[in-house]
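# Sequence and predicted structure are below.
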Amino acid sequence: MKNLKLILMLSVLISVSCKNEKSTRAFTEVIYYCPMNCEVDKTYKEPGSCLMCKMDLIANQQEKSRHLNEGEISDESIFHLTSLWNTHQGEIIQLEELKGKTLVMVMIYTTCKAACPRLVTDMRNIEAQIPKSNIENLRFVLVSIDPTNDTPKRLKEFALENKMEEEQWVFLQGTESGVREFANVLAVKYKQISPLDFSHSNIISVFNISGELIHQQEGLGVDNKETIHAILELTSEN
Amino acid sequence: MVLIKGGTYTPLYGSDSLKVSVQDFKMDVYPVSNKLFLEFIKKKPKWKRSNIKKLFADKNYLINWKSDMELGDNQSINAPITNVSWFVAKDYCDYLGKRLPTIDEWEYVAMANEDLPDARQLKTYNEQILGWYEKPKTFNNDIGSTFKNYWDIYDMHGLVWEWSLDFNSVLISGESRKDVDDDSKLFCGSAAIGVTDLMNYAAFMRYALRGSLNAKYALKTLGFRCVKDLNQ
């Protein structure tokens, strides 16, 4: 565990030191101040009363321009999820380690007979339409909703069977609670019907390099033009 | 917490072949109160209203509170906490070594009236619950203000709706044929006919609510309580 933390810290440090561009983003922040201005120009982050005159603080919406470094993550980033995942390559990661790549994510399970093969096909169809030069900025992430059966070994086999062995394909096994949480972030619904069978929503989600949800495609075998457009836009930016 | 003796029952959406087994478990007697929740965010400041990430709660999170640590004027310290998202409710229970109940567990306990573990066949039981659904603003009432059921659990009906761990297993999203491959049991005309217990309209409403929820929603009428597995 300690080692893992060290690795995590190092990888964060490395990714921070690599970045050279800064993206700017305007944030609206509420500032509170004392109506009597007892302590000259003193502001508060939270509502309450002035320490000197006890009058209620007044809120002031200020357009505050805050610089978000590329290394930082915004409020809506999936990288706030701290659960641990096993990859099909036998590594243990947090989602944040996928930062820096555009992510195309889908939830499947490998014993699935009905919808998942088509979802996997959809993913491959999308991948096939992305130029090689964009692929290196991309990760296609397939998250299992069946952490009991979909071990890293099983996921690896699945990757081989489906010829999804290149670097851009990532398969993840989480904990039951981590998977439930992740599904809820994606608004994916699922229910175990029997030990080897699940009902689930068919949603493919696209995230930008900071882990913010940009686009969702719902349904099976639907027109993926918009999804591809979103991916191309994101991967051409970098 | 009190012990809930497990058993097998047919939930709303199932057929006889889809009976559900519930193991023995312990359940909080009351929904989590404002008071207990305040203590929790004192220890977990990341869930303060000003700190919470948008990923984990919508803008209604604790919206009626005066500040990060202060209830609103009309809110009783002993009323159930509401306006909390699933993520926060889940973490509350995790923090105490508990967890949110599954839908099956919650519904199992909710079948009980004062005297019977399964009162769903009683006309009065259903009328009572539906009567509550018509009452406004019950979320302002204190915990323990409704009836104590067969298991010595209070407020399963009559106070607030409650989060469950797997609320997102109710597969009735917007267009049921489109995004989910098998969910015919709860929706569309055919679904209502498939529902095992047509009398249990109240339960149908609960499932419909769960199906419409998103984990970051913080609703005024939605609270939670925790359960615990016995082997812990």
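The structure has been received and is ready for your questions.

# In terms of helices and strands, where is the closest residue in space to B:Asp155 that isn't next to it in sequence?
Sequence neighbours aside, B:Thr146 is the residue nearest to B:Asp155 in space, at 4.9 Å (criterion: Cβ to Cβ, 6 or more residues apart in numbering or on different chains). Every residue, glycine included, has its C-beta placed from N, CA and C. Assigned by DSSP states H and E, B:Thr146 belongs to no helix or strand.

# And B:Thr146, how far from B:Leu3?
For B:Thr146, the distance to B:Leu3 equals 21 Å [Cβ to Cβ, to the nearest Å].

# returning to what we had before: give the contact list for the residue nearest to B:Asp155.
Contacts for B:Thr146 (Cβ atoms under 8 Å, 6 or more residues apart in numbering or on different chains) come out as B:132, B:154-159.

# So among these, where is pLDDT lowest?
Model confidence across those bottoms out at B:Trp132, which has 85.

# Where does it sit: helix, strand or coil?
The three-state label given to B:Trp132 by DSSP: H, G, I helix; E, B strand; the rest coil is helix.

# Just give me the neighbour total for it.
14 (other Cβ atoms under 10 Å in any protein chain shown).

# contacting residues for it?
B:138, B:146, B:157-158.

# A:Phe196 reaches A:Asn149, doesn't it?
For residue A:196 the amino acid is Leu, not Phe. Yes. The criterion here is Cβ atoms under 8 Å, and A:Leu196 meets it with A:Asn149 at 6.8 Å.

# How is chain A partitioned into domains?
A:23-67, A:78-237 (automatic domain parsing).

# any idea which residue sits dead centre in chain B?
In chain B, the centroid-proximal residue (Cα atoms, centre = their mean) is B:Glu162; its distance is 2.0 Å.

# For chain B, give me the ranges with low pLDDT.
Applying pLDDT under 70 to chain B flags the ranges B:13-17, B:171-200, B:232.

# Which parts of it are helices?
With DSSP state H as the criterion, chain B has helices at B:34-43, B:86-95, B:103-110, B:123-134, B:176-179, B:188-194, B:201-212.

# number of nearby residues for A:Tyr32?
19.

# next one: phi and psi at it?
phi -110, psi 140 (degrees, to the nearest 10).

# Let me see the ranges of the strands in chain A.
A:22-33, A:43-44, A:58-69, A:84-87, A:92-94, A:102-108, A:138-144, A:169-173, A:190-194, A:197-200, A:203-207, A:213-218 (DSSP state E).

# Any chance of JSON lines for these, columns distance to chain B?
Compiled in JSON lines, these are given as follows (distance: least, Cβ to the nearest Cβ, whole Å):
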{"stretch": "strand A:22-33", "distance to chain B": "9"}
{"stretch": "strand A:43-44", "distance to chain B": "10"}
{"stretch": "strand A:58-69", "distance to chain B": "11"}
{"stretch": "strand A:84-87", "distance to chain B": "15"}
{"stretch": "strand A:92-94", "distance to chain B": "14"}
{"stretch": "strand A:102-108", "distance to chain B": "11"}
{"stretch": "strand A:138-144", "distance to chain B": "14"}
{"stretch": "strand A:169-173", "distance to chain B": "18"}
{"stretch": "strand A:190-194", "distance to chain B": "4"}
{"stretch": "strand A:197-200", "distance to chain B": "5"}
{"stretch": "strand A:203-207", "distance to chain B": "6"}
{"stretch": "strand A:213-218", "distance to chain B": "4"}
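
# Please convert the ones you listed to a markdown table, extending it with mean pLDDT.
Putting the strands of chain A into a markdown table (pLDDT from 0 to 100) gives the following:
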| stretch | mean pLDDT |
| --- | --- |
| strand A:22-33 | 50 |
| strand A:43-44 | 74 |
| strand A:58-69 | 50 |
| strand A:84-87 | 96 |
| strand A:92-94 | 96 |
| strand A:102-108 | 94 |
| strand A:138-144 | 96 |
| strand A:169-173 | 97 |
| strand A:190-194 | 79 |
| strand A:197-200 | 78 |
| strand A:203-207 | 93 |
| strand A:213-218 | 90 |
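
# and of these, who's closest to A:Leu51?
Among the strands of chain A, strand A:43-44 comes nearest to A:Leu51, with 9.3 Å by Cβ to Cβ.

# The closest one - contacts with which helices or strands?
In terms of contacts (3 or more Cβ pairs under 8 Å, 6 or more residues apart in numbering or on different chains; DSSP states H and E), strand A:43-44 is packed against strand A:22-33.

# Other residues contacting stretch B:24-36?
B:1-6, B:71, B:75-81, B:89, B:92, B:98, B:101, B:105, B:109, B:142-144, B:151-155, B:159-160, B:162, B:223-230.

# re earlier: distance check, the residue nearest to the centre of chain B against chain A.
Using Cβ to the nearest Cβ, to the nearest Å, one obtains 16 Å as the distance from B:Glu162 to chain A.

# Tell me how many other residues crowd the closest residue to that residue other than its chain neighbours.
In space, B:Glu162 comes closest to B:Phe224 once its chain neighbours are excluded; the distance is 5.1 Å by Cβ to Cβ, 6+ apart. Neighbour count for B:Phe224, taken as other Cβ under 10 Å: 27.

# dump the residue contacts of B:Phe224.
Contacts of B:Phe224 by Cβ under 8 Å, 6+ apart are B:31-32, B:81, B:84, B:89, B:92-93, B:100, B:162-163.

# Against chain A, how distant is it?
Taking Cβ to the nearest Cβ, one finds B:Phe224 at 14 Å from chain A.

# What of B:Trp161?
Taking Cβ to the nearest Cβ, one finds B:Trp161 at 17 Å from chain A.

# Tell me how many other residues crowd the closest residue to that residue other than its chain neighbours.
In this structure, B:Trp161 finds its nearest non-sequential neighbour in B:Leu222, 4.7 Å apart by Cβ to Cβ, 6+ apart. Number of residues near B:Leu222 (other Cβ under 10 Å) recorded here: 23.

# sorry, back to before: and the contacts of B:Thr146, which two are the farthest apart?
Once Cβ to Cβ is applied, the contacts of B:Thr146 give B:Trp132 and B:Tyr154 as the farthest pair, at 13.5 Å.

# what's across from the residue nearest to the centre of chain B in the sheet?
Beta-bridge pairing for B:Glu162 (DSSP bridges): B:Gly223.

# Please apply the same query to A:Ile204.
A:Val106, A:Gln217.

# Does it touch A:Ile108 like I think?
No. Look at A:Ile204 against A:Ile108 with Cβ under 8 Å: they stay out of range, at 10.4 Å.

# any residues in contact with both of the two?
A:Leu119.

# still on that earlier bit, was I right about the residue nearest to B:Trp161 contacting B:Glu162?
Yes. Contact criterion Cβ under 8 Å: B:Leu222 and B:Glu162 qualify, at 7.1 Å.
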